[in-house]
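Q: I would like to see how this sequence folds:
(2 chains)
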2 protein chains.
Amino acid sequence: MPDAKHPAVQQALEEARDAAVARLVSFLSIPSVSTDPAYGVEVRRGAAWVAQRLEALGFDTETVSSGGGHPVVLGRNAEAGAEKPTVLFYGHYDVQPPDPLELWTSPPFEPAVRPSQTAGDGDAVYARGASDDKGQVACFLEALQGFRDAGVPLPVNVKVLIEGEEECGSRTLPAFLQERGKDLSADVAVVSDTAMWDARTPTLTYGLRGLVYFDLKLHGPDRDLHSGVYGGTLANPATVLARVLGKLFDEDRRIAIPGFYDNVAPLDPAEREEWAALPFTDEGFVGAVGGTASGEAGFSTLERRWARPACDVNGLYGGYMGEGAKTVLPSFAGAKVSFRIPGNMEARRVAALFTEWLEQQEVDGCRWDLENHGEADPVLVRRDSAEIAAAVAACEAIAGVRPALVRSGATIPVIADFKETLGMDTLLLGFGLNADDIHSPDEHFGLDRFHLGARVHAELLGRLAEG
Amino acid sequence: MPDAKHPAVQQALEEARDAAVARLVSFLSIPSVSTDPAYGVEVRRGAAWVAQRLEALGFDTETVSSGGGHPVVLGRNAEAGAEKPTVLFYGHYDVQPPDPLELWTSPPFEPAVRPSQTAGDGDAVYARGASDDKGQVACFLEALQGFRDAGVPLPVNVKVLIEGEEECGSRTLPAFLQERGKDLSADVAVVSDTAMWDARTPTLTYGLRGLVYFDLKLHGPDRDLHSGVYGGTLANPATVLARVLGKLFDEDRRIAIPGFYDNVAPLDPAEREEWAALPFTDEGFVGAVGGTASGEAGFSTLERRWARPACDVNGLYGGYMGEGAKTVLPSFAGAKVSFRIPGNMEARRVAALFTEWLEQQEVDGCRWDLENHGEADPVLVRRDSAEIAAAVAACEAIAGVRPALVRSGATIPVIADFKETLGMDTLLLGFGLNADDIHSPDEHFGLDRFHLGARVHAELLGRLAEG
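A: Purely as a prediction, here's the structure:
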C-alpha cells in the first residue's frame, strides 16, 4: 500500500477531530429544507454558513441566486498556481424534509452524538443531513482545514460549488453551469454524496440512475361532496387516479408505458458477473429494512437497483386523510410519482412518454394538473482513467484497503451536466452507508467515516496534483 | 288542501321564529365531531345540550353511553295518555369533520346568518351540522316548543332518540336498540335527516342506500426508504395499493369484485318511469358542482344514485404529502374505501366479499391492516301506509303543495335496525337540500325551511294522533 503524500496534513487532521465535529454540528443545526417553501429563510442561512466557512479557509466566495432558485455558493482558491491542475468539488447544503418528526429519537435539527445504530460504526452524529450531504461536504472542508492547520499550501487549485436545490432536482443549476462555465472549468470534479460498500471499504461509484419526478393532481367536482348523495353519479378523482395508477404497472412488475424500455442498455455480461460475485444478499439488503425482494422479473436485486428502471409512488393524498371515517367524494386527489432511469435512458424522453401516457388515459371528465419536479439524466463514467487511479491510490494510502467500484441506484442531478456542459468527468467518492437512514428519521453519519473522508480527500488532492 | 289541526300551535311557532333561531345557533356552536377522537369532550357537550333542551320541554331524559361509544340521549313524554299512539323521533347531534377549514367563509362552529347561496332560500344559517343533522333535529324540537308555548298538550306520546355516532356508522346503536327495545317501542318512527326535492316541496323518502366503509392500510418496509437506493428492489406499498385499487373497477365503471351485483334488485319499470318524469337534469345535478355525469353503463344518473351500488375512494394517504418533492419509498400507504348499496343488498355480505377480494390480491410481501368503519343495510319502505298518508296531508296543510316521494342515495344506518329490531316503519321527512353542502365547507340551512320543518312536524303529530 502507498504512503500518504502529506503526513503533516494527516497529523493535523488527526489532532483536529473534536474541532471538526463541532463545526459539523453547527452546519447540521440549520434546517435548510429546500423542497418546502416554508423553510426559505433557513435555506439562505445554510448558504451563508458555507460561504463564511470557505472564507475562513482562504477562499474567495460568491453566493448566487438565479431563476428564483435557492442560492449556489461558489468558492475559489488558486494558491497552487497556474501550472497545477484544478479540482471542482461539488456538494449540496440542502436537506430532505424531516417528517415524520415523531419517529426521530432526537430532534432532526439538534444534532446529537451517540453510539451509531449501524454495527461497526462507533459513535455517530444524528441529524437530518448528517450523511446526505452536509456531513460529506464537511469531509472535504475538513481536508482543506488540514492543509491550513498544517501550514501546507493547497497542492491543486480548488473550486467549490455547493448548491441548495439538490433535493428538489437542482432546477436552476444547469442554467447556472452554462452561464458561468468558464468560472467552473476544472480538470476533474469530485463529489461526496454516495455510499461506501461497507463501513471499512472506501468506495468509488461509476454509475448513477437518473430521476424524473412528477406531482399528478387530478381535479373533479369543484368542491368536496357527500358520497351518498353523489356516489355513482360522477367521476370521483380519487377513484379515477387509483384506476390510472393501477395501469402503470403490468403483472411482471414492469412499467406499462409503451416504449418505456426502448433505450435501456442491456447489462454487460462481465459487469453482471462482477456484481454476482459481490458479498450481497437480498436478506441483508431488503430484509434488513423489513421488506421482501420484489421487482422486474429476470434480474437480480442488485441489477434492478443499479441498472434497471424503477417507478415509485412516493406519495398519495386527497379526500379524507384523518382518523376514522368521512364519507366524502373528494374534489381532487394526487400522487407523487417518480422514475429512476439507468445509463442510456434520457430524462426528457421519460417525462414526455409519461405525460403523453397520462393524457391518453380516460379520466371521465376529470382534469390533470401535472407538475414536473425535476429531471436528471443518468451517469456512467470510465473505470480506467488517471483520476480513478489517483482515487484508488488515495484510498489505499489512508484506509489500507482497495476501494470498491460500484454503481448506485440513486441520482445526483448535476453529474450529467458536468459532463455535458463543462466536458468534465466526475469522481464519486462517498463516505455514507445505506444504513445511514438518509431521507428517513434518525439519519446519522459515523464519526470514524467523517474523519476517514477528510483524510482521504486531503490525500486525493495531493495525488491529483501529480496528474 | 286540508286545514291545520292546531292553529294555536302554528301561531305560536310563527311568533317564536327569532327565539328558535337563537336556540339553533347555540346547538350549532358545539363542535361535536364524532369521527375524530380529538373532539371527544365536545361530543359529550352536544349530548348534554340535547338532554337539557328536552328537559326544558317537559321530557324525562337518559344519557346513555355503552360499548365505548358516544352517548345516546333518550327523552320520553307520555302526557297524551295510553290510548294515544306513540311516535319515536330519531336524529343525531354529531357532525362530520369541518376540514378543509380554509374553505369556509365563516368558521364552522361560529354559526353565521346571511343570505343563502342557494337560490330561493332566503336567509340561511352557516355552520357544520346546520342541515346534517342538528338543524333538522331542531325542527322537531321547535314543533314540541310550539305546543308548549301555545299551552296545548302533546297529541301523541313522544319518544326522542338523539344519537352521537351517525357520522361514524352508528356503531353502538344496534346493540342499544336490542337492549332497550321495550323503552323505544312506538307505532312509527319519524326521522328528519333527508333532503327536499326543491326549496318549496316537502319530501318523503321511501328508500335509502346502505353503507360499508373500510380503511385499508398496506404496510411494506419497516421505515421510509430512499427511493433511489431501494427503488425497484422491494415492494413499495403505495405502488401496490394503487395497483390493487385500480383493479376494483372495470372498464364499464362497475365494481369488479366477483358476485358483487348478485343481490342488486332490478329496477321496477313503473318506478323507472316515475323517475324519468321528474324534473331532473344531469347538468342541474352534477353540472352544478362542476362535475361530469359518469358511472355504471346502462342507467340514468338518478337510477345510479338511488338504486345502484357505488364504490368511492374517500381518501388516499401515505408517503410524502407535502409541497414539492421527496424521493421516499414509503413504509405504508392507505385508502378509505366505501360502498353505497341499494335495497336488497346486505352490508355484511359486501364487507365479506370486499375483504376476501383484498386478501386474494397479490401484494408482493406487503401486509394489509383492514379496519371496518361501519356497515349499514339499505332501506325500502311501503308507499301506501297510513303514516305516509298522514305525512302527505300534514305537508299539504302547511306547505300547500303535495310532497314529493323519492329515494335517496345516502345512508341513515339506524333505519334498517328500527324495522329489524323494533318492527317499526319509519317516516323520512326531510327539510335539507342537496345544495346545503353537508359534509363540505359552508354547510348551511335555509331559515324558511327550518320554520317550515317545525310547522310540518307539529301538524304531523296532530295527524298521527288520529291514526
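
Q: what helix or strand is the closest residue to A:A138 other than its chain neighbours on?
A: Spatial nearest neighbour of A:A138, excluding adjacent residues (Cβ to Cβ, 6 or more residues apart in numbering or on different chains): A:L24 at 4.7 Å. Using the backbone N, CA and C atoms, a C-beta is placed for each residue, glycine as well. Assigned by DSSP states H and E, A:L24 falls within helix A:17-28.

Q: one step back: how about the contacts made by the residue nearest to A:A138?
A: A:P111, A:V125, A:K134, A:G135, A:A138, A:F450 (Cβ atoms under 8 Å, 6 or more residues apart in numbering or on different chains).

Q: 10 Å instead?
A: When contacts are counted by Cβ atoms under 10 Å, 6 or more residues apart in numbering or on different chains, A:L24 is found next to A:111, A:113, A:125, A:127, A:129-130, A:134-135, A:137-139, A:141-142, A:445, A:447, A:450.

Q: before we move on, what about A:R180?
A: Here A:R180 is in contact with A:E62, A:V64, A:S66, A:V72, A:L74, A:L161, A:L422 (Cβ under 10 Å, 6+ apart).

Q: how close does it sit to A:L241?
A: 41 Å (Cβ to Cβ, to the nearest Å).

Q: just to revisit the earlier point, what mean pLDDT does the helix holding A:L24 get?
A: For helix A:17-28, mean pLDDT rounds to 98.

Q: buried stuff in it?
A: A:A20, A:V21, A:R23, A:L24, A:V25, A:F27, A:L28 (16 or more other Cβ atoms under 10 Å in any protein chain shown).

Q: out of these, who's nearest A:G430?
A: A:L24 (16.4 Å; Cβ to Cβ).

Q: Help me confirm that A:I257 comes into contact with A:A351.
A: No - A:I257 is beyond contact range of A:A351, at 11.3 Å (criterion: Cβ atoms under 10 Å).

Q: list residues touching both of these two?
A: A:F339.

Q: Can you verify A:L460 is assigned to a helix?
A: Yes - counting by DSSP: H, G, I helix; E, B strand; the rest coil, A:L460 is part of a helix.

Q: now the strands for the stretch 151-300 of chain A?
A: A:157-163, A:188-191, A:203-208, A:210-219, A:225-226 (DSSP state E, counting those that start in this stretch).

Q: Now tabulate these in TSV and tack on mean pLDDT, distance to A:E274 and mean neighbour count.
A: Listed next are those as TSV, based on pLDDT from 0 to 100; distance: least, Cβ to Cβ, whole Å; neighbours: other Cβ atoms under 10 Å in any protein chain shown:
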stretch	mean pLDDT	distance to A:E274	mean neighbour count
strand A:157-163	98	32	25
strand A:188-191	97	23	24
strand A:203-208	94	12	23
strand A:210-219	97	22	24
strand A:225-226	91	57	25
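
Q: and the ones you listed as JSON lines, adding distance to chain B?
A: Shown next, in JSON lines, are the strands of the stretch 151-300 of chain A (distance: least, Cβ to the nearest Cβ, whole Å):
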{"stretch": "strand A:157-163", "distance to chain B": "15"}
{"stretch": "strand A:188-191", "distance to chain B": "15"}
{"stretch": "strand A:203-208", "distance to chain B": "8"}
{"stretch": "strand A:210-219", "distance to chain B": "5"}
{"stretch": "strand A:225-226", "distance to chain B": "4"}
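
Q: Just put the ones you listed in TSV and tack on distance to A:D99.
A: Formatted as TSV, the strands of the stretch 151-300 of chain A follow (distance: least, Cβ to Cβ, whole Å):
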stretch	distance to A:D99
strand A:157-163	23
strand A:188-191	27
strand A:203-208	26
strand A:210-219	17
strand A:225-226	30
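
Q: By proximity to chain B, which residue of chain A wins?
A: Closest to chain B within chain A is A:G246: 1.3 Å, counting by Cβ to the nearest Cβ.

Q: Once you drop chain neighbours, what's closest to that residue?
A: B:G246 (1.3 Å).

Q: Hmm, A:A47 and A:H70 touching each other?
A: Yes - using Cβ under 10 Å, A:H70 is in contact with A:A47, at 7.3 Å.

Q: joint contacts of these two?
A: Joint contacts of A:H70 and A:A47 (Cβ under 10 Å, 6+ apart) are A:S32, A:Y93, A:D94, A:E163, A:G164.

Q: Which two among those residues are spaced furthest apart?
A: Of all pairs in those, the most separated under Cβ to Cβ is A:S32 and A:E163 at 11.1 Å.

Q: hey, what's in contact with both of these two?
A: With Cβ under 10 Å, 6+ apart as the test, A:S32 and A:E163 both reach A:A47, A:V50, A:H70, A:H92, A:Y93, A:D94.

Q: Need the max-distance pair from those residues.
A: Top of the distance list for the shared contacts of A:S32 and A:E163 (Cβ to Cβ): A:V50 and A:H70, 11.8 Å.

Q: ok, the two, which is more surrounded?
A: Between A:V50 and A:H70, A:V50 has the larger neighbour count (other Cβ atoms under 10 Å in any protein chain shown), namely 29 against 25.

Q: element containing that one, please.
A: helix A:40-56.

Q: Return the list of helices and strands in contact with that helix.
A: helix A:17-28, strand A:60-64, strand A:72-77, strand A:86-92, helix A:134-150, strand A:157-163 (3 or more Cβ pairs under 10 Å, 6 or more residues apart in numbering or on different chains; DSSP states H and E).
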